[in-house]
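In: curious how this folds, go ahead:
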Amino acid sequence: MTGTDRFATDWDQHEPEVFQVEYSLLPIQAISVSPRNDFDEAKTWLEGLLETAGCDDVEIRRSELESS
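Out: This is a model prediction of the structure:
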């Protein structure tokens, strides 16, 4: 079941065109850090930013993409 309420907080209520183009209240589940960045430095910075924003339980992971 999907809809176009961009302020719904249920993942099943969002069409990809809605939550990828416009702002929504979907929770951040994970952030991937590019292999071109220093992972430890980026993770420390992101943890502080997420804590300030009140985002809990966000997984910060190293991207699996190959660096070029």
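
In: what's the following helix or strand after the helix or strand of the chain with the lowest mean pLDDT?
Out: Least confident helix or strand, the chain: helix 16-21 with a mean of 56, by mean pLDDT, DSSP states H and E. Note on helix 16-21: by DSSP states H and E, the next helix or strand toward the C-terminus is strand 30-33.

In: residues making contact with that next one?
Out: Contacts to strand 30-33, defined as Cβ atoms under 8 Å, 6 or more residues apart in numbering, come from residues 39, 42, 43, 46, 58, 59, 60, 61, 62, 63, 64. Yep, even glycine has a C-beta here, placed from its N, CA and C like the rest.

In: so what strands line up beside it?
Out: As defined by DSSP bridges, the strand partners of strand 30-33 come to strand 59-62 (parallel).

In: now the partner strand: average pLDDT?
Out: Strand 59-62 carries an average pLDDT of 94.

In: what of stretch 29-37?
Out: 89.

In: end to end on it, go ahead and measure it.
Out: Distance across stretch 29-37, first residue to last, is 20 Å (Cα to Cα, to the nearest Å).

In: buried ones in whichever helix in the chain runs longest?
Out: Criterion DSSP state H: the longest helix present in the chain is helix 39-53. Within helix 39-53, the residues that qualify as buried are 43, 50, counting by 16 or more other Cβ atoms under 10 Å.

In: and what of stretch 57-65?
Out: Those buried within stretch 57-65 under the rule 16+ other Cβ under 10 Å are 58, 60.

In: check the gap between residue 57 and residue 29 for me.
Out: Distance of residue 57 to residue 29, given as Cβ to Cβ, to the nearest Å: 8 Å.

In: who does the closest residue to residue 64 other than its chain neighbours form a beta bridge with?
Out: Spatial nearest neighbour of residue 64, chain neighbours left out: residue 32 (7.9 Å); criterion: Cβ to Cβ, 6 or more residues apart in numbering. With DSSP bridges as the criterion, residue 32 is bridged to residue 61.
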